[in-house]
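K.L.:
Predicted coordinates and the sequence they were generated for:
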2 protein chains.
Amino acid sequence: MLAEAVEIPSVSGDAAHRPEVFRMADWLQARLEKLEVKVTRVELPKHMCDGQEIPLPPVLFGQYGDDPAKKTILTYGHMDVQPAQLSDGWDTDPFKLVHDEKTGRMYGRGSTDDKGPLLGWLAVIEAHRATNTPMPVNVKMVFEGMEESGSEGLEAVVRKEASGFLKDVDAVCISDNYWLGTKKPCLTYGLRGLSYWKVTIDGPAADLHSGVFGGTVHEPMTDLFAVFSKLVTGKGEILIPGINDLIAPLTDEERKRYEVMDFNLAEYGQAVGGDITMHDDGVNTLMGRMRFPSLSIHGIEGAFSAPGSKTVIPAKVSGKFSLRLVPNLTPQNVEPLVRKYLESEFAKLGSKNRMTAEALHGGQAWLSDPEHWNFKAAAKATKNVYGVEPDYTREGGSIPVTLVFEDALKKSVMLLPMGRADDGAHSINEKLDRTNYIQGIKLMAEYLEQVPSFAQ
Amino acid sequence: MLAEAVEIPSVSGDAAHRPEVFRMADWLQARLEKLEVKVTRVELPKHMCDGQEIPLPPVLFGQYGDDPAKKTILTYGHMDVQPAQLSDGWDTDPFKLVHDEKTGRMYGRGSTDDKGPLLGWLAVIEAHRATNTPMPVNVKMVFEGMEESGSEGLEAVVRKEASGFLKDVDAVCISDNYWLGTKKPCLTYGLRGLSYWKVTIDGPAADLHSGVFGGTVHEPMTDLFAVFSKLVTGKGEILIPGINDLIAPLTDEERKRYEVMDFNLAEYGQAVGGDITMHDDGVNTLMGRMRFPSLSIHGIEGAFSAPGSKTVIPAKVSGKFSLRLVPNLTPQNVEPLVRKYLESEFAKLGSKNRMTAEALHGGQAWLSDPEHWNFKAAAKATKNVYGVEPDYTREGGSIPVTLVFEDALKKSVMLLPMGRADDGAHSINEKLDRTNYIQGIKLMAEYLEQVPSFAQ
């Protein structure tokens, strides 16, 4: 089944491939209907992609079981994939599932992100049907085709159906992320938010020659470097007053979660390609990624960026940086702190240039309660399938759909990954280990099985 | 004569136009020979241009008069021009000399840079011939066709002929720059040098996602901003220890030269398109440009430079900055100071990233003696033609050929501009005022006339 799905190159980010996303939706709908899943196909309006107006792929709603005596679990997955070409450096055809018998790896675009996990839910239903076992819960499904392109169109559908199709959902389970390492399963209960800034310093009317004007005018680049050098230290300490005071305090219980995690600092250093880790130990590294904010400077628009040696004084430059947010930092409470600090640091320079600071976009952090029955059911299932307590992880990046579900449905949302950290989602030679696929399907089934015992 | 020259689009920086530079050389050679100037055509080897191997245009040597009782003045000019197209925003065809009778401006690419000044020397000879007046000096000429493309090939020719064709030269006069303003003529006796730096900070093996890795690794951009913010203040003070100690002290006599210059700070601010001047007065502004070093940050290679909001931690970034040098700063004595400071500032960060600092290229500052008879003759000539003492200026940028002549011939080199600050060399609507052309030719003739009285 996964092999057939991988063969459909459902790349959502490329207008020329859009029909393949539709073909993937048709294929999935047929698969679901064969399992007697009740499918509602939500058609979406056209949108602009690559400069042309083309239709958005549909969102597929699925429903299997409607027993009012049972809990209802909402599962989510996406049908679309990242672009891939053999010439990118793949060892095998990216749109052919290749099973390496020696390593047990199944290579192919979408194997782990997210066709494998999505089809996991179908496999669970199929197994129950084959053995004539009644499902322990009602299962609802939201399968979209635009996740790799910002989940366009999905949020409106979810918000609208919060009082419709999704009304009776008791908890949400999303399988679209990865273990922290390669050995130990995890449940994910948090994601960092984002506050992205563009700071423009505007000086002369046009670029100037540094020989002719250097030493006579206030240079926007000098000002930008002065201001941005005050944002964060080389050790990652954020210097914007007020930010650190807003961070939710670390509890002992939470600290313990980091201490038991499957994490090796040396391996992490190797994975980034050099010994450049900021902390000396695993626990602080994990917390640096998961539970503390960070500030990164991304680049400058308008400066000289080509190879060579141009003697220019750029007239107008826009520096970009962003803050990763954790509770209780929000784009809203961070914005005035950042703006005030930027303005005061710029004022200190006594420059005659003009500075404007724009908060380009923001996203809330997400933090779920890992003590909720939704997580307890998954933890017990992990113990039963893998024989270990799962790690409780938070992710450094964002998965916007998580917040949309939580905010629209006001129910517990959990991320239950199937694949491993080294699966190479978005990269070349994306793979899913066959054991992760099989054990992952068992985990999904066992999770649903455990829900009735834990649900309140 | 100038109209014919402007009509030849002798753009040296574009391989497709190279035959036009040869056509310009042929045209000029014929003109010179008509005036009985003895021409030696120095053919140069092929070079790479736009990815193809094409011939370099010749250097033309000219000689008019060889009386051993007379002084010999070397004049220099260039036949090639910057690119220009009507579509760049020109009001008239750039390769047609258009004389606006109302303003007296003659528009056309090369009018002021440098076909007008070059042809000025021919006009001087022509005038003497027409009136049967003997020339007061022997005139030698070096006219090249690659000035706008780094004067490729010229240096070797000058150094070789220092003991040959150029052996008996007593002084050099170059007309290839501009008045400081629009009203008062000047003699130029200095140019700043250059020390251009590329500082690379290398961290992870590949770009990282700031959500996933922010807060766990030393980020090259953070390090680069920290180090570069320590180079120069917003007020233009260079913070590299030792640099300021090397600057030749300002003498009272020199200070007076700045005080009398034709310079209006408000106009200067308007010319750069905003009130962003660093100094409150004209004298300090002039000295900031002419007699003090400056440090400009030009940009970053390898960082995010496009519009939009990419959440990347760039893996390897190269910041570029340069110092403009004045006596007694040289690329050689500045290099260890800059390198040591960069290394010590980087070491303070305690970063695990790697930093490498490269001095990409450098150029010596040039400072001539404005009390030399060469300048005294030109000053007297200016007084006679324009009725005023000339300003004595230094330029912020560099004109490499100046240094080559001085170093190879060990004779006084003077820059004697014909055009005004607003001529728009290298820009659209380049022009030469008709009065500047006519008075400029008179000034050249009068300068040669004065040489015998002042020469020692």
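P.N.:
That came in fine, so what should we check first?

K.L.:
give me the number of residues near residue A:190?
P.N.:
Residue A:190: 21 surrounding residues under other Cβ atoms under 10 Å in any protein chain shown. For every residue, glycine as well, the C-beta is placed using N, CA and C.

K.L.:
Identify the residue of the stretch 251-400 of chain A closest to chain B, quick one.
P.N.:
For the stretch 251-400 of chain A and chain B, the shortest gap (Cβ to the nearest Cβ) falls at residue A:273, measuring 2.2 Å.

K.L.:
tally of neighbours for the nearest residue to that residue once chain neighbours are set aside?
P.N.:
Of all residues not flanking residue A:273 in the chain, residue B:205 sits nearest, at 2.2 Å (Cβ to Cβ, 6 or more residues apart in numbering or on different chains). Neighbours of residue B:205 under the rule other Cβ under 10 Å: 14.

K.L.:
Need the pLDDT of residue B:205.
P.N.:
Listed pLDDT for residue B:205 reads 88.

K.L.:
domains of chain A?
P.N.:
A:2-191+A:366-454, A:193-247+A:292-363 (automatic domain parsing).

K.L.:
ok, the residue nearest to residue A:273 - contacts?
P.N.:
Taking Cβ atoms under 8 Å, 6 or more residues apart in numbering or on different chains, we find residue B:205 in contact with A:272, A:273, A:274, B:315.

K.L.:
same thing with residue A:335?
P.N.:
By Cβ under 8 Å, 6+ apart, the residues touching residue A:335 are A:195, A:359, A:362.

K.L.:
switch the cut-off to 7 Å
P.N.:
Applying Cβ atoms under 7 Å, 6 or more residues apart in numbering or on different chains to residue A:335 gives the contacts A:195, A:359.

K.L.:
before we move on, which element is it in?
P.N.:
Using DSSP states H and E, residue A:335 sits in helix A:331-349.

K.L.:
Measure how far the helix or strand just after that helix is from the centre of its chain, please.
P.N.:
Later in the chain than helix A:331-349, the nearest helix or strand by DSSP H and E is strand A:354-363. Relative to the chain's own centre, strand A:354-363 is displaced by 23 Å; criterion: Cα atoms, centre = their mean, to the nearest Å.

K.L.:
Next, the angle strand A:354-363 makes with the helix holding residue A:335.
P.N.:
160 degrees (axes from the mean of the first three to the mean of the last three Cα atoms, to 10 degrees).

K.L.:
Need the CA coordinates for helix A:331-349. CSV is fine.
P.N.:
The C-alpha trace of helix A:331-349 is given here as CSV (Å, rounded to 0.1, in the frame of the first residue of the first chain):
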residue,chain,number,x,y,z
PRO,A,331,4.2,37.2,19.6
GLN,A,332,2.0,39.8,21.3
ASN,A,333,3.8,40.2,24.5
VAL,A,334,7.2,40.0,22.9
GLU,A,335,6.6,42.7,20.3
PRO,A,336,6.6,45.8,22.4
LEU,A,337,9.7,44.5,24.3
VAL,A,338,11.6,43.9,21.1
ARG,A,339,10.5,47.2,19.5
LYS,A,340,11.4,49.3,22.6
TYR,A,341,14.8,47.7,22.8
LEU,A,342,15.6,48.1,19.2
GLU,A,343,14.6,51.7,19.3
SER,A,344,16.6,52.5,22.5
GLU,A,345,19.7,50.7,21.1
PHE,A,346,19.4,52.6,17.8
ALA,A,347,18.9,55.9,19.7
LYS,A,348,22.2,55.3,21.6
LEU,A,349,24.1,55.4,18.3
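
K.L.:
what comes up buried for that helix?
P.N.:
A:331, A:334, A:337, A:338, A:339, A:341, A:342, A:345, A:346, A:349 (16 or more other Cβ atoms under 10 Å in any protein chain shown).

K.L.:
And for stretch A:247-255?
P.N.:
A:247, A:254.

K.L.:
again with stretch A:49-59
P.N.:
Residues of stretch A:49-59 classed as buried: A:49, A:56, A:57, A:58, A:59 (neighbour count, 16+ other Cβ under 10 Å).

K.L.:
ditto for stretch A:257-266
P.N.:
Buried-residue list, stretch A:257-266, by 16+ other Cβ under 10 Å: A:257, A:258, A:261, A:262, A:263, A:265.

K.L.:
For that stretch, what is the spacing between the initial and final residues?
P.N.:
20 Å (Cα to Cα, to the nearest Å).

K.L.:
now do stretch A:348-362
P.N.:
28 Å.

K.L.:
For residue A:273, give me its contacts.
P.N.:
B:204, B:205, B:206.

K.L.:
what do you get for residue A:358?
P.N.:
Neighbours of residue A:358 in contact, by Cβ under 7 Å, 6+ apart: A:197, A:198.
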